[in-house]
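Q: Let me see the structure of the following:
(2 chains)
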Amino acid sequence: MKIDSTQRSSAEPLHGATKPLPEADDAARAVRDAYIATRFAGVARCGEDLAETERVIRAARLYFEDSQPAMATELLDIAIALHPGREEPWLARLELAFLARNAADFRGLAHAFKHFHRASSAWKEVARLGYALSPDDPAFAAAADSQSSRYGPWPDTPNWIQATWDLTSEVRGAEFHNAMLRRATAASLPQVARAA
Amino acid sequence: MNTNANVSSNTVPTPAFRREFDDAVRALREKILTLDCRLAIERFIALSDELKVRTVPVRKQLLETRLDWTDDERALGRWMHSANQRMGNLGRRLVTVATKKMEEADETVVNVMARSLQHIGNGIKAELADGPVSGRDYRELHALMRLAISLDCAKVKLTLSVQGTPMSVSIEALYFRAMLLARFANGAISMPQIEILDWWIWQWREVLQSVTQPRGANCLRVDLESSGGLRLGPRTDGLPALYLPVEPIVEAHRWIVADFHAGRQDRSASPAAALPVAEHVAVLEVLRNGLSRGEQGIGTRDPRRPSDSRVEVLVDLPEIMAKGFATPGASSNSLLAIEGGAQRHERHTAIGGVYEQSKRMLQLCDESATGFGLEGSAESCRSIAIGTLVGIRPSPSQPLQICRVMRRLAGGDTGRVTLGVRRISSAAQLLPVTSESSRASSATLLFVPGEDSSGSQDGFLVADSLLRERTKFESRLDDGVYAFRFNRVRQKGRGWSLAGIEIVSVRDRPSPHGSLRA
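A: This next block holds a predicted model:
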């Protein structure tokens, strides 16, 4: 690394998602693409692939469900940094921060989201989640009224991570798993018979 | 010392040079009590400079070698390890003697202390060339740190030459550098990877500052009176300890990730920086795990049961798929060989003898709930590295175990290699598939069932090249034709990935009466 990390300005944001990446030259793009291809193998081969919002969010959700939250958040962070104009990765990232109950992370992301997407219709929802985590943050104060009519510890969550309510895919996965188990059992029977 | 002054410092030191150097270190060590302190320090610094300069080409050569090291390279690695360790020991003795003889420890003594710590750190890096380190003793390092504290110079900075670049660094940062390297140099990291880690540690030297009280539960700790290394968590017996806050290191880790996101990598900064990005990503993962695990993490292992049998080890995905799943009764050549203690016997036929040459037989030393310990000759382990996929059958009654190599330690003079492998699956099966891109020709994939009966943890072990295409595959099973595609990688090794799948569709479901629809 060329830059001595101990000598950076403390004003430079820590959060990858809060600062769009500058236009990279060929060499920098090659390094970044090699990193993306290695770190997120099977999901993306280069920075360009991270523009496929739906695919990226689905992969992030799967990482999250696979107990790999660091992978999930990093994937969304770099997608946001490379394509900050797209709202969906921001919102998915915010939802993951909310699901992890990481108030500081959520606040930082929410403020950055507001900065880049001032006119977003999703802000009201972001503020509602933000108020649940950080009721003292003035940025979320407007959501206080909507909270008073709700009951229960947490507000309803949006579905920005594209969790599917249609369980067809999950059912197919279980069927495939069981069919493969039957196949393994069938294959082992002749061996057992021979051994006997 | 001017040893072999006629030999360029850019060349790898010859055996004669190494002997001469070792003799010079030994001679200084023997005279250390009688020699004038100033002269001893002068000689030590000359030896230190010589060693640093002469190990640069060694490190370069070892880093550039993609194949297993030759005997000469192993000898060089061992020398680099032992020479640095001896210099560390000599420096500690010199500091001890000098502080007693001199009225006040001046900057030359601090310089010796810093160089000693630097050499010990360099020696730890080279341990990977010298075989397994069982029960590393940290007393030398702790003794130097205690001396630094007693002389009130632990936070004093001085300039050292690091891979030819002058760097300002404190004594305690050098101490923690060696401790961090020792924590990670446990066989789970390769020589190139530890060079990358070391290069990063040098960049983080400003944050390697000790505190006397823990800052939160996530801190690294050293018990200076012990012989142990870095531990995670606060000390619980009430005795004093030195703490290294983890958060600044975690933050430095984040900066490295941010640099990769931005594509910032100065490949000319050091030989380590020029290594492939994949190696850097592997080190980031090792660090991430090492800094977040609790006291029960890195150092602990599942209970092991000793074993005594020789097993054939299949290496890499193509060989595992070709030879690991043949059914009994087929050609015996395609089966994995197992030789239990009672089963060993001489091969009588010439053909059998020739065939044995192509098998990779390793000693199965122990088993645990999660993996196996293996040992073999350097020759038989030549193609096995950390991250390699291997297939073994520990006994005739057990299914093929597909594992990932987690540790690989060369056994120094013995020429033996010790492997630690972690099980990925004992229920893998081959599955014929057709792919969207080449429907006419079929292929075979290696299915790995997850532990979860929902199928959400299922995946396939595939070559990396297959992931670059976003192909849809189909396979006919007893209840239909399943179409699936890979959707993320759960685990990754050398040339292989364990890819998760998403079932896209199922067609040709059997009718309720039992026959498949056309």
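
Q: can you tell if stretch B:486-497 touches chain A?
A: Yes: using CB under 8 Å from any CB of the partner chain, stretch B:486-497 comes into contact with chain A via B:486-490, B:492, B:497. All C-beta spots, glycine's among them, are computed from the backbone N, C-alpha and C.

Q: Roughly how far does B:Ser170 sit from chain A?
A: 12 Å (CB to the nearest CB, to the nearest Å).

Q: ok, the nearest residue to that residue once chain neighbours are set aside - contacts?
A: In this structure, B:Ser170 finds its nearest non-sequential neighbour in B:Lys157, 4.9 Å apart by CB to CB, 6 or more residues apart in numbering or on different chains. By CB atoms under 8 Å, 6 or more residues apart in numbering or on different chains, the residues touching B:Lys157 are B:168-170.

Q: Now do the SS call for B:Val311.
A: At B:Val311 the chain is in strand, as set by DSSP: H, G, I helix; E, B strand; the rest coil.

Q: does it really touch B:Leu364, like I thought?
A: Yes: using CB atoms under 8 Å, B:Val311 is in contact with B:Leu364, at 5.0 Å.

Q: intersection of neighbour lists for these two?
A: Residues touching both B:Val311 and B:Leu364 (CB under 8 Å, 6+ apart): B:374, B:392, B:394.

Q: How about the secondary structure of the closest residue to B:Lys492 other than its chain neighbours?
A: Using CB to CB, 6+ apart and skipping residues adjacent in sequence, the residue nearest B:Lys492 is A:Ala41, 5.9 Å away. At A:Ala41 the chain is in coil, as set by three-state DSSP.

Q: re earlier: please indicate which of the contacts of B:Lys157 are buried?
A: Neighbour counting with 16 or more other CB atoms under 10 Å in any protein chain shown marks B:169-170 as buried within those.

Q: Who does the residue of the stretch 301-450 of chain B found nearest chain A form a beta bridge with?
A: As assessed by CB to the nearest CB, chain A sits closest to B:Gln429 within the stretch 301-450 of chain B, at 5.3 Å. Bridge pairing for B:Gln429 (DSSP bridges) gives the partners B:Phe447.

Q: show me what contacts it?
A: Shown in contact with B:Gln429 (CB under 8 Å, 6+ apart): A:180, A:183-184, A:187, B:325, B:446-447.

Q: one step back: unless I'm mixing things up, the residue nearest to B:Lys492 is touching B:Ala463, no?
A: No: applying CB under 8 Å as the test, A:Ala41 and B:Ala463 come out as separate, 11.3 Å apart.

Q: Looking at those two now, which is surrounded by more residues?
A: Applying other CB atoms under 10 Å in any protein chain shown to A:Ala41 and B:Ala463 shows that A:Ala41 carries more neighbours, namely 20 against 14.

Q: Distance check, B:Ala16 against chain A.
A: With distances taken as CB to the nearest CB, B:Ala16 is found 39 Å from chain A.

Q: quick one on the thing from earlier: which among the residues of stretch B:486-497 next to chain A gets closest to chain A?
A: Of all the residues of stretch B:486-497 next to chain A, chain A sits closest to B:Val489, with 4.1 Å by CB to the nearest CB.

Q: name the helices or strands packed onto the helix or strand that contains that closest one?
A: Assigned by DSSP states H and E, B:Val489 falls within strand B:480-492. Applying 3 or more CB pairs under 8 Å, 6 or more residues apart in numbering or on different chains; DSSP states H and E, one finds that strand B:480-492 makes contact with helix A:53-65, helix A:168-195, strand B:459-463, helix B:464-468, strand B:472-477, strand B:496-507.

Q: That's all I had, so thanks and see you.
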